[in-house]
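S.K.: structure for the following, please:
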Amino acid sequence: MTVPPFPTIPALHAAYAAGQDPRTVVAEAYRRLAAVDDPGIFLALVPEAEAQAAAAALPPFDPAAMPLWGVLFAVKDNIDVAGLPTTAACPDFAYTPTETAPAVGQLLAAGAILIGKTNLDQFATGLVGVRTPYPAPRNAIDPAYVPGGSSSGSAVAVAHGIVTFALGTDTAGSGRVPAALNNIVGLKPSLGAVSSRGMLPACRTLDTLSVFAGTVADADAAFRAMLGFDSADPWSRALPVPPAPAGLPPGLRLGLPDAASLRFGGDGLSEAAFAAAIADLETLAEAAAPVDFAPMFAVAALLYDGPWVAERYAAIRPIMETRPEILHSTTRAVIAAAERCSAADAFGGLYRLVELRRDADAIWERVDLLAVPTYPRPQTCAALVADPIGPNSELGTYTNFVNLLDWCALAVPGRPRTDGFPSGITLLAPRGSDGLLAALGARLHAASAGRIGAGESPVPDADPGPVRARPGEIELAVVGAHLSGLPLNHELAAHGARYLRTVATRPEYRLYALPGGPPHRPGLLRVAGDEGGAIETEVWALPPAAFGAFVAAIPEPLAIGTLRLADGSAPKGFLVESAGVTGAVDITQFGGWRPYVASRSAA
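M.R.: The predicted model follows:
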């Protein structure tokens, strides 16, 4: 069953401004979680009644004062939330904190609603997402492939449309690899920009909270809500992090791995997808300059082959020295490698890093940012059974060096591989350049999704733009009980429908509440332009056979016709015969079915 992405922050706020009750959004999230039927996503779930109570307790809608008002999110289970257990995917380690991590507290203060804590590679050690004693989350695109780690549950929750955004953590790519493998956005902030208090560290000197979302704009909004210096966190830094510019700087210089630095493990599909994404990127920046990644790959080798693995040992030293048997076998094997490292090795590693960082940072004299594959090629769950270490190491090829070099990163979906599996591209820049990455990343995401063409001006506000049907699909606009979260939406899901976008009609329709029910149904009637209004619709995509089966079940006086929408598209959609509005109530003034239903609930 295809589950639509959860509404973006702008779409949610438009619905709330029109009168939608956030409690209906909460109910929809829990319904979607049940529909996905993946027991590995969440390790602790806020009871639905409590989430509903949090929604009901929100003050009057004011997105200026509370920029995340009514937005649902989840948190990786190595981040503290008061009253919910923190397990780090190790049940024998679990504790229940009495304080919430400050970054999570800032999200709640901004109006966001937490629904639970998500699964991970144990103690945030891994890039595969299956190193957990609990059921592993399933890749949202194809369960034969790993979901990516360590923030697997958070990425899968967003990819399945259960929440608008989710927090992960990132030491070596845990906020980027799962994003690419599940076809969503992963934002890895500049180190120290977000408080890490209340986060169980993997490598305290390298860790940061990260954000998963369906769009760059949503990820950036969550990041901005958490941004700020925390004097109680010794790793916090008062970094200047300017917001995303409205336009890209002229002459933006792009760097790419040179031919010797491109590594795809022999996978031609991934190599071709990356080349296609670069072609999109080169419509937005100057022609790319080849960059030798030898210094970066040498830095990456320090993370697991050098003394930094001892920092992971230090994070859970009491367990390693007194109760190693409670650990996942692969986690224990990885961290136990630290036992061969000496203090002299640690200093040697630090000296080597300083040397390599000088070489790596020299790149910024020639380019403004780098673009790399997020991962060389996808890895299957079967490959991990045969070799728990090798495929994991390969996934970190272009991620392991970033935090050691103190750079920021943004992973966005690229052009898909020809087999349909997603391909990710990551933008890298010096610390503090998060806003520049957001500006370019949003435009790249739009271009990669085919929503703008080469040479066209992308949207200036970091919104990726309207999503269109794929070749061979039929667009269908719905206006009533088939909307997301409403009683008949399951019929669309049962036919394999795919959510595309929310958009109003042109102002030449009237909306009626038809007699009968439940379920109560609207009727959309086209009238002369000066006698109608703009009515909210959701546009979905169906394969032709599914479209035919769906349409065959539509009862009179409803029918399918062609709707004219404000974005210039003309999908098929629900209309009502003129005779069918006899005895119906004209509800055009509400602008859509949701605000009308909300008004009835409030009455």
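S.K.: phi and psi next, for Pro201.
M.R.: Phi and psi for Pro201, reported as degrees, to the nearest 10, are phi -80, psi 150.
S.K.: got the contact list for it?
M.R.: By CB atoms under 8 Å, 6 or more residues apart in numbering, Pro201 lies in contact with Asp207, Ala315. To be clear about C-beta, it is placed using only N, CA and C from the backbone, and glycine gets the same treatment.
S.K.: could you do Asp258 as well?
M.R.: Pro290, Val291, Asp292, Phe293.
S.K.: need the buried ones from these selected in ChimeraX.
M.R.: Filtering the contacts of Asp258 down to the buried ones (16 or more other CB atoms under 10 Å) takes a single ChimeraX command:
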select :291,293
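S.K.: can you redo the contacts of Asp258 as TSV with secondary structure?
M.R.: What follows is the contacts of Asp258, written out as TSV (DSSP: H, G, I helix; E, B strand; the rest coil):
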residue	secondary structure
Pro290	strand
Val291	strand
Asp292	coil
Phe293	coil
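S.K.: include distance to Ala232 when you put the contacts of Asp258 into JSON lines, please.
M.R.: Formatted as JSON lines, the contacts of Asp258 follow (distance: CB to CB, whole Å):
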{"residue": "Pro290", "distance to Ala232": "44"}
{"residue": "Val291", "distance to Ala232": "39"}
{"residue": "Asp292", "distance to Ala232": "41"}
{"residue": "Phe293", "distance to Ala232": "37"}
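S.K.: roughly how far apart are Pro519 and Gly161?
M.R.: Distance of Pro519 to Gly161, given as CB to CB, to the nearest Å: 22 Å.
S.K.: how about the helices in the stretch 101-250 of the chain?
M.R.: 102-109, 152-159, 177-181, 216-226 (DSSP state H, counting those that start in this stretch).
S.K.: sorry, back to before: make CSV from the contacts of Asp258 and add distance to Glu508 and pLDDT to it.
M.R.: Listed next are these as CSV, based on distance: CB to CB, whole Å; pLDDT from 0 to 100:
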residue, distance to Glu508, pLDDT
Pro290, 54, 96
Val291, 54, 97
Asp292, 59, 97
Phe293, 56, 97
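S.K.: nearest to Ile587 among the contacts of Asp258?
M.R.: When these are compared for distance to Ile587 (CB to CB), Val291 wins out at 58.6 Å.
S.K.: so what's that closest one up against?
M.R.: Contacts of Val291 (CB under 8 Å, 6+ apart): Gly255, Leu256, Pro257, Asp258, Ser261, Ile363, Arg366, Val367, Leu370.
S.K.: by neighbour count, which of the residues you listed wins?
M.R.: Neighbour counts for the contacts of Val291 (other CB atoms under 10 Å) peak at Leu370, which has 24 neighbours.
S.K.: model confidence for that one, exactly?
M.R.: On the pLDDT scale, Leu370 is placed at 97.
S.K.: before we move on, what SS does it have?
M.R.: Strictly by three-state DSSP, Leu370 counts as strand.
S.K.: just name the shakiest helix or strand of this structure by mean pLDDT.
M.R.: helix 593-602 (a mean of 75; mean pLDDT, DSSP states H and E).
S.K.: outside of that helix, which residues touch it?
M.R.: 15, 18-21, 24, 479-481, 483, 486, 511, 513, 520, 522, 536, 587, 590.
S.K.: list buried residues within those.
M.R.: The buried subset of the contacts of helix 593-602 - by 16+ other CB under 10 Å - is 15, 19-21, 24, 479-481, 483, 486, 511, 513, 520, 522, 536, 587, 590.
S.K.: please flag which of the residues you listed sit within strands.
M.R.: Using DSSP state E, the subset of these located in strands is Leu511, Ala513, Pro522, Glu536.
S.K.: which of the residues you listed lies closest to Glu311?
M.R.: Out of these, the member with the shortest distance to Glu311 (by CB to CB) is Glu536, at 51.2 Å.
S.K.: how about that closest one: which residues does it bridge to?
M.R.: With DSSP bridges as the criterion, Glu536 is bridged to Ala504.
S.K.: could you do the one 5 residues further on as well?
M.R.: Under DSSP bridges, the beta-bridge partners of Ala541 are Glu475, Arg498.
S.K.: surely it and Gly472 touch.
M.R.: No: using CB atoms under 8 Å, Ala541 makes no contact with Gly472, being 9.5 Å away.
S.K.: which one's more surrounded, those two?
M.R.: Ranked by neighbour count (other CB under 10 Å), Ala541 and Gly472 place Ala541 first, with 23 against 8.
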